[in-house]
Every structure is written in structure tokens, then in C-alpha cells.
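Colleague: I'd like to go over a predicted model; first the sequence, then the structure.
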Amino acid sequence: MNFNKYGIAAAVTLLALGSAQAAQRAQLDVQLSFDNAIVQGDSDVPVNVVVTNNTGTVVPVLKWQLPTGKLQGQLFRVVGDDGQPATYIGPMVKRAEPREQDYILLQPGASLSYQVELTSQYVLGNGHYTVEYVGGGVFRQGVDFRSTATNLWTQGRSASAESLVAEESLRGRTGTQGISYTGGCSSSRQSTLASAVSAATTYSSNAYSYLSGSGSGTQRYVKWFGSYTSSRWATAKSHYSAIKSAFTTQNVTLDCSCTDTGTYAYVYPTQPYKIYVCGAFWNAPMTGTDSKGGTLVHEMSHFNVVASTDDWAYGQTAAANLAKSNPTKALDNADNHEYFAENNPALP
């Protein structure tokens, strides 16, 4: 299929249709390399990324699947010899549905080259790591990345980075409840944000109360978290307990500096309890699907000291499908937590 005569919207639609009908996904090849695979001391760790389209057809790629800007996500899989992933300290982002301007059309045979500094997004100690490129986990639109697995050795690094993560993860645990504002929030926006925090508090409190009842495979639970087990129900309950507690006992900082209209909000999971709200947030309803209150529940769940959720799927359809196919991931997905709390349309 040749997308040269189509615009981005048509290319995305055709790719999605082809993927659904043929159960195939476009695979882009990714080559990773280090200028120095052995890093001494607390030096930066830049990795070279080359993404190549060897499919023979034009492939529309979302910009946030590529290391093109500031707000990205977990684009790499960095795993130590113990099998444990390196701690991710970059942003976790709730995005709006993709727009045409969010895509790059990668021509057949074309390559895109980047250099990414890994320690700005991952905590690296001393030892051997395997690094792969995964391009994030959501809004793939029929695109996968076939990445080389590249080896990295780090030696003589201090514990300062890991200490910083530990300190940030503890920050706010003993703080007093309240709201503070940074990033130039106007008085009207502060008022809106206070209402959004109130809505989020109500959402998380109601979700916790719902899960405090007898566990069972209710319509609402199964819709958003999949097949019922008592342990998974208990996990969901513990998550909303922590989310509710954060909103009711901690000082929440809301930052208005982000203006990206394709993004609702983002957080750094190791830096509770600061939430950056973006352009799409201000156009959302206060309550209901993808609401202001629900967005704050979504973001609060990301913090490591709260529920440490990930972003495996965005949107109600994808989140509901995730619950059916993989309840474990649904319990680790921020949007599933948001939609369970919003409960719109209402389910018993």
C-alpha cells in the first residue's frame, strides 16, 4: 500500500484498517549504539538512536513514539543483570487523541537519527544493562519497533542519583493537606484547579468506598479491571486508598506552565505530588469522561508512592479492551483507574 497520495489522516486510517484486517503491524527497525559502551563515573550516558522504515511503504509515526521532544514517556527498556528494570524518572503523560500534526510520515527507506541522554530518564547504578527501544506503550496505531538489544556497562557511579530518587519519592509523605500553584496559574485557573482537586477527591473517595464492599465480579469492576479475583480487587482497593489519601492529606502542587493542546497533564513519578496540567486539560469537563477531576486521579496514580501505575492504553475503548485481554496490566494502567473512578456511563 502506497500512502504517498494520501494525507496523514488517510494514511493512519488505512494503516489501522490494514492492521485490523490482516493482523499485521508495520515494524520500524531501530539501531541503538553508544559512543562509549563502558561509562566511568557520573558521566552522562548518551545513546544514539536510528529509526529506519524498511517496510516498503509510508508509515505514519506519532512524534511521541520518537525521542523528538521534551514530553515523551518510557521509550526505552533498560534492564540490569538481575532482571530488574532501571527506575524511570521521566514524565508520565496523559495525551489527547492524536491529531494530524502529531504524526511524522516516514518514507520507505528513510531514517531518523537522534541522540538521547539516558540518565535524564533512568536511574543507572553500577553494572551491566541491556538497552532496547520500545517507543512507549500507547497509541501505537499499528506501528511496532524492532530494536537491537545493546549492552552498556557503568562503573564508579556515585549513589547521588539514586539518593535523589529516594528523597523525591519520600517528599510530601508527611506534608499537610493543601494546594499550591506554580507555573503562572492565574487566579481564575487556580479556582478551576481547586474545583478539579475537589472532584478528584470525590472520585477517589467514592471508588474506595465502592471497593470497600464485598468483592465480586460487578459490571463496573469487570469493565475496567477485568475478570474478578479477590487479590486483584484488593489491589484496586489499595490503589484508591492511596489516591484518596494523597488528595486528602498531602500538599498537592499544580503547575500551569505546559501549553501543549495535545496533552492533558503529566507528572514525574518520583516527584510527588506535583501535577503539570496542559492545554487539553482546560477544555475538559469538570466531571465525566476524560474530565478535569478524572485527569487528576489518573496523574495521582502514577506517583511511585501512590499506585505507581503505567500507561499501557489510552482512551475508554483501549482501556476496556485491556481489561478483557490483560487484567494485570489494567490494574497497572492509569486510564483504567480514571475511568473506573469517573464511572461514565454509570455501571453498578
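Modeller: Looks like it arrived, so ask away.
Colleague: next secondary structure after the biggest helix by length in the chain?
Modeller: Taking DSSP state H as the criterion, the chain has its longest helix at helix 187-211. Downstream of helix 187-211, the first helix or strand assigned by DSSP states H and E is helix 219-225.
Colleague: please enumerate the helices of this protein.
Modeller: Along the chain, counting by DSSP H, helices occupy 8-22, 160-170, 187-211, 219-225, 230-249, 279-283, 292-302, 316-325, 327-330, 334-342.
Colleague: compare the ones you listed and say which comes out lowest on pLDDT.
Modeller: If these are sorted by mean pLDDT, helix 8-22 sits at the bottom with a mean of 44.
Colleague: residues touching the closest residue to residue 330 other than its chain neighbours, list them.
Modeller: Counting by Cβ to Cβ, 6 or more residues apart in numbering, residue 330 lies nearest to residue 323, which is 4.2 Å off, once chain neighbours are set aside. C-beta coordinates here come from the backbone N, C-alpha and C atoms, glycine included. By Cβ atoms under 8 Å, 6 or more residues apart in numbering, the contact list for residue 323 reads 222, 223, 224, 225, 226, 330, 336.
Colleague: likewise residue 343?
Modeller: Here residue 343 is in contact with residue 220 (criterion: Cβ under 8 Å, 6+ apart).
Colleague: what about it, distance to residue 37?
Modeller: 50 Å (Cβ to Cβ, to the nearest Å).
Colleague: and the longest helix of the chain with helix 230-249, angle?
Modeller: Orientation note: helix 187-211 sits at an angle of 150 degrees relative to helix 230-249 (axes from the mean of the first three to the mean of the last three Cα atoms, to 10 degrees).
Colleague: contacts for helix 187-211?
Modeller: Here helix 187-211 has contacts from 179, 181, 185, 220, 233, 236-237, 240-241, 243-244, 247-248, 252, 254, 256, 277, 282, 286-287, 291-297, 300, 340-342, using Cβ under 8 Å, 6+ apart.
Colleague: list the buried residues of it.
Modeller: Residues of helix 187-211 classed as buried by neighbour count (16 or more other Cβ atoms under 10 Å): 189, 192-193, 196-197, 199-205, 207-208, 210-211.
Colleague: now do stretch 325-343
Modeller: Quick answer for stretch 325-343 (16+ other Cβ under 10 Å): 327, 329-343.
Colleague: distance between the ends of that stretch?
Modeller: In terms of Cα to Cα, to the nearest Å, the two terminal residues of stretch 325-343 are separated by 20 Å.
Colleague: fine, thanks again, bye for now.
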